[in-house]
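[1] could you look at this predicted model? Sequence included:
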There are 2 protein chains.
Amino acid sequence: MIETMQGLKRTHHCGLLRTEHVGQPVVLMGWVQRRRDHGGLIFIDLRDRSGLVQVVFSPDRAGRAFSKAEAVRSEYVLAVVGQVEARPAGTENPNLATGEIEVVARDMRILNPAKTPPFYIEDGVDVDENVRLRYRYLDLRRPEMQRALILRHRAAKVVRDFLDKHGFLEIETPMLTRSTPEGARDFLVPSRLNPGRFYALPQSPQLFKQILMVAGMERYFQITRCFRDEDLRADRQPEFTQIDIEMSFVDVDDVLELMEEMMAYLFRETIGVEVPRPFPRLSYQEAMDRFGTDKPDTRFGMELRDVTDIVAGCGFKVFASAVAAGGRVKGINAKGCAHFSRKDIDDLTAFVANYRARGLAYFFVTPEGVKSPIAKFFTGEEIEAILKRLEAEPGDLLLFVADQPAVVAASLGALRLQLARRLELIPEDTFNFLWVVDFPLLEYDEEEKRFVAVHHPFTSPREEDIPLLETEPGRVRARAYDLVLNGMEVGGGSIRIHRRDVQERMFAAIGLGSEEAREKFGFMLEAFEYGTPPHGGIAFGFDRLVMLMAGKKTIRDVIAFPKTQSATDLMTQAPGEVSPEQLKDLHIRVHLPPEVKAK
Amino acid sequence: MIETMQGLKRTHHCGLLRTEHVGQPVVLMGWVQRRRDHGGLIFIDLRDRSGLVQVVFSPDRAGRAFSKAEAVRSEYVLAVVGQVEARPAGTENPNLATGEIEVVARDMRILNPAKTPPFYIEDGVDVDENVRLRYRYLDLRRPEMQRALILRHRAAKVVRDFLDKHGFLEIETPMLTRSTPEGARDFLVPSRLNPGRFYALPQSPQLFKQILMVAGMERYFQITRCFRDEDLRADRQPEFTQIDIEMSFVDVDDVLELMEEMMAYLFRETIGVEVPRPFPRLSYQEAMDRFGTDKPDTRFGMELRDVTDIVAGCGFKVFASAVAAGGRVKGINAKGCAHFSRKDIDDLTAFVANYRARGLAYFFVTPEGVKSPIAKFFTGEEIEAILKRLEAEPGDLLLFVADQPAVVAASLGALRLQLARRLELIPEDTFNFLWVVDFPLLEYDEEEKRFVAVHHPFTSPREEDIPLLETEPGRVRARAYDLVLNGMEVGGGSIRIHRRDVQERMFAAIGLGSEEAREKFGFMLEAFEYGTPPHGGIAFGFDRLVMLMAGKKTIRDVIAFPKTQSATDLMTQAPGEVSPEQLKDLHIRVHLPPEVKAK
């Protein structure tokens, strides 16, 4: 019953047929979306990557093909020979791009039959994600998944066009490389030819892209796979894609301006959105102060307000003692939420407890004044000042956390987002880009009792802060920047240290001797002695960027073959078992922990 | 002494300055190619990615910068502020693109000093390749290496432009995938989250690209890294790059025509070469008959000629008994080589012995007739017929091998190439593309005593040969094709089997039961039951293609960071040692063979 295509050439794509094609003979190839028998006719919606079209089989015009059409079921692969005709008046389908026409079949071949799929091939199906991943080839037939992958293709193409036009070279860096002592956990690859030695899959091309600047390539980019063997909490994948960029002879402004231009071009050329420029720039400190996070979502207000100065000497012990212990007291104004119940407040208190806040103070602002169990501890002036600071009006709910600055920021920052979602304050289809700059270069590690690099030890300090490296390392600002979109970090980078003297002072600041540094960063430091230009760069999380552009909730919906939380591929069953010979060749043996062996 | 760029913006690139810029102020940034002191002036050739320009420092016009220029050495990184001027008459350099002008320095900053590099940064250096690889960042500064990487970037860009325009989607397939039972040795990646299980790095995206056709993507491509853990004889790398393509609803002609168009576009847009189309198509049989290889170099003649019919009954035992044993006797005509010495002949005999030829017979064709120790065993008619078959003229040397067909083909095919190189018959800058088609689908494996797939078991047989699957499997031709350029295979692919019945007959032909097949190709066969379209594709070796376009002799010269024959990276020293903790996390232990331990 299966026939070949031989002698047939596809002439059109299903989804692109319009009234202008009426009268034309067509050869279509695609999948059966569904078949309906009605009034002695057979209607088949035929689907290809471009969309759907209705094909009509009548006993008189389709001839032999009519009886074949009777056997056809969903997802059969067909070749249809026919003619485009206007649909009879009153039968047009305005919900379908091809709804004004239909194809009257003259002949048809069944190129392949299909078993009944485990779920419908249509948008918005409510199917367990594990089933979708197991039958990914069917899931990917759904138009929304096809649109997501088409968008992903377009996005990569547009970025490449832009960077090519601006003199960047795409240069491939190794996948089989060396395990570095910093960063996340590496995926390792045992070497057969070098017994007992291992390659590491790159966490990023960081070292290589800096080496390419030493090599005089000046402008490098790569859209490339990176690997991190982390526990897959949140929306992470063991392998992910990065737009990786590095430039020579540039300062922060050069990088930021060009990347803004690239983002604007990307959004315009793919989803037709004009993003306003220039992107706002917030210092790390300002972002923490105003939003409690270094990746603020600025699509809505409800900013954090600092009332520490007002409550420093107040009668409420919790506030006063937090301030005395070097902490801060901050609040947010949940506009119009004075109607929240006691249970609502309990829920919010439990929520901030996840961020180590030991309590959540609140003021209901009413026409009659502030209602709160703690109101009595404040003077009228203090209350007045607080209301003013938070721009409170009757009907508002003010929420406060008093704690160490990091806890205040984390808990109120998260609470702000939580409330915004609940109150539906976040506009859809808005893309708010901003840069966060002036990150601290170093932070004190309580465990190691020393300063460590916030990013990596090649990140350049700001010129004017270099003298602080020896005196106040914690105050040195880095020439680092993150790009934030709708509250998600979508990119980050820095200007790198290219001067040997500064590099040595940086190493000294993190307590690394020059011998030790050489051991740890060997070839990189050697390379840096042969004429390294000033340089800097950035890397973007491509999966996340496409996810945001596509309006998806998980990066798994913009990756063709993603892995589960346990890093398995449900379709191929990777990772799999391998033969003892393979392991012997690689000079390794499996050594399972006892609890696994027992299974 | 090191200064910052602060306040300076690069205005021009060194290598692009011309007489039209005379009078313009410029800010250049780059590397010192060399410094010469002459007539009280200092001349510095400044280099960036675009090329070189001469910068002149005079004590009066350069001021403070003059004394700084005295300290400058090769590979220092400089920012130069100056003005473009015409060179004084008589001092122009016609060998330099910027040779009509020079930049008169007004100011200069040393952005970074440099140690003396271990070799000159210039084209055609005679440096041990291991030194080049160890200092790859210096090697890549050489203009010829920069040109190679620029060409590589352009080639990838042009291919992407072409495929995008033709409706192909670039879709990323997993790097952490499953070890497959076929093909070369896999690189394995132990899974931390799945103890005792391993990912494999892909040898190619073959299974995924076919799955994407099942998923209705219709036109897929990817320029992607592939991995094979083979011994690195010849010019191979453990990781290499492939242009991977798959299409639905196509037959052989559709693939070949579009790929010809792509190649023509690629060569035109990158190196400005018009390659003639259509590309010749040779059947596998014809290629073997005429050239002794399935990747013939057609840039010169000297084709193999079959004289089996002429010598079948001749008096020369070696020939006659080879024919009697089912072998062939073939010869090539080394035009004008009748002057070869006895030693030359011995060398050629030794050469063909590498290909298991047990001897090399020869005729010197002179004006007085054939001179050869074996001439006496042939009749005049036989000699006449042989000379005619090989189009011999006085002055020619005819060389013959008599053996089993495979040995004749391999030895004479190699001898043909060897002689062409020696005789300099191969034109430079010629690009001869051709397709080899109609490969056998199956070949008999003497060891396993069964037929095996020449490519892979999803390769489709020619429609008209399907009935032979059960009767004469060795005669079934595959719908497979290789693209050959100048005697190198640069691509290969096939139309795949999409029909379940044909797939089952194919499995039966290679002695695979359906249970066994399901175990071996599990998810793939399941996927194929849900409406698989007719499809086919091809993959190109991108490194090799760029190597040929760049006129390089090894793919290492078109890869930024290649590995050595022992699969090590001399710059980063990958693969390296890892910590016991890392291995413990991965549930593996190193188990070295005794001879390695002893070292």
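    Arrived safely.
[2] from chain B, how far out is residue A:408?
    Distance, residue A:408 to chain B, using Cβ to the nearest Cβ, to the nearest Å: 35 Å. Using the backbone N, CA and C atoms, a C-beta is placed for each residue, glycine as well.
[3] oh, that last question was meant for residue A:440, not what I typed.
    Going from residue A:440 to chain B by Cβ to the nearest Cβ gives 21 Å.
[4] partners of that residue in the sheet?
    Residue A:440 forms beta bridges with residue A:477, as assigned by DSSP bridges.
[5] ok, residue A:57 next?
    residue A:42.
[6] hmm, residue A:71 and it touching each other?
    No: here residue A:57 does not reach residue A:71: they are 11.5 Å apart, not a contact under Cβ atoms under 8 Å.
[7] and these two? Which one has more around it.
    Looking at residue A:57 and residue A:71 with other Cβ atoms under 10 Å in any protein chain shown, you find the greater number of neighbours at residue A:57, namely 27 against 11.
[8] could you pull out the strands in the stretch 251-400 of chain A for me?
    A:281-283, A:305-306, A:328-334, A:361-366, A:369-371, A:397-403 (DSSP state E, counting those that start in this stretch).
[9] which strands and helices sit next to the first one?
    This means strand A:281-283. strand A:433-437 (3 or more Cβ pairs under 8 Å, 6 or more residues apart in numbering or on different chains; DSSP states H and E).
[10] cool, the last one as well?
    The contact analysis (3+ Cβ pairs under 8 Å, 6+ apart) places strand A:397-403 against helix A:317-324, strand A:328-334, strand A:361-366, helix A:405-422.
[11] quick one: buried residues of the third one?
    The neighbour-count criterion (16 or more other Cβ atoms under 10 Å in any protein chain shown) identifies A:361, A:362, A:363, A:364, A:365 as the buried residues of strand A:361-366.
[12] do stretch A:17-33 as well
    Neighbour count says stretch A:17-33 has A:17, A:21, A:26, A:27, A:28, A:29, A:30, A:31, A:32, A:33 buried, by 16+ other Cβ under 10 Å.
[13] can you say which of the helices and strands packed on strand A:397-403 is packed in most?
    For the helices and strands packed on strand A:397-403, average neighbour numbers computed from mean count of other Cβ atoms under 10 Å in any protein chain shown are highest in strand A:328-334, which has a mean of 24.
[14] got the angle for that one vs strand A:361-366?
    40 degrees (axes from the mean of the first three to the mean of the last three Cα atoms, to 10 degrees).
[15] name the strands paired with strand A:328-334 and say parallel or antiparallel.
    Paired neighbours of strand A:328-334 in the sheet (DSSP bridges): strand A:305-306 (antiparallel), strand A:397-403 (antiparallel).
[16] how far does the first one sit from its chain's centre?
    Same thing as strand A:305-306. 30 Å (Cα atoms, centre = their mean, to the nearest Å).
[17] show me how chain A divides into domains.
    Structural domains assigned to chain A are A:19-112, A:300-426, following the TED database.
[18] give me the distance between the two termini of the longest one.
    The reference is to domain A:300-426. Counting by Cα to Cα, to the nearest Å, you get 6 Å between the two ends of domain A:300-426.
[19] what of the first one?
    For domain A:19-112, the first-to-last residue distance is 30 Å (Cα to Cα).
[20] pLDDT (mean, whole number) over it?
    If you average the pLDDT over domain A:19-112, you get 96.
[21] what's the answer for the last one, then?
    Mean pLDDT, taken over the full extent of domain A:300-426, equals 95.
[22] now do the buried residues in stretch A:69-87.
    Neighbour-count burial for stretch A:69-87, counted by 16+ other Cβ under 10 Å, picks out A:69, A:72, A:74-85, A:87.
[23] show me those residues that map onto helices.
    In this view, the buried residues of stretch A:69-87 that belong to helices under DSSP state H are residue A:69.
[24] so which of the buried residues of stretch A:69-87 reach chain B?
    Subset of the buried residues of stretch A:69-87 in contact with chain B: A:75, A:76, A:77, A:79, counting by Cβ under 8 Å from any Cβ of the partner chain.
[25] would you list the domains of chain A in JSON lines and tack on distance to residue B:273?
    Rendered in JSON lines, the data for the domains of chain A read as follows (distance: least, Cβ to Cβ, whole Å):
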{"stretch": "domain A:19-112", "distance to residue B:273": "34"}
{"stretch": "domain A:300-426", "distance to residue B:273": "55"}
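[26] nearest to residue A:167, of these?
    domain A:19-112 (34.4 Å; Cβ to Cβ).
[27] chain B contacts on the stretch 401-550 of chain A?
    A:463, A:498-499, A:501, A:522-523, A:527, A:529-534.
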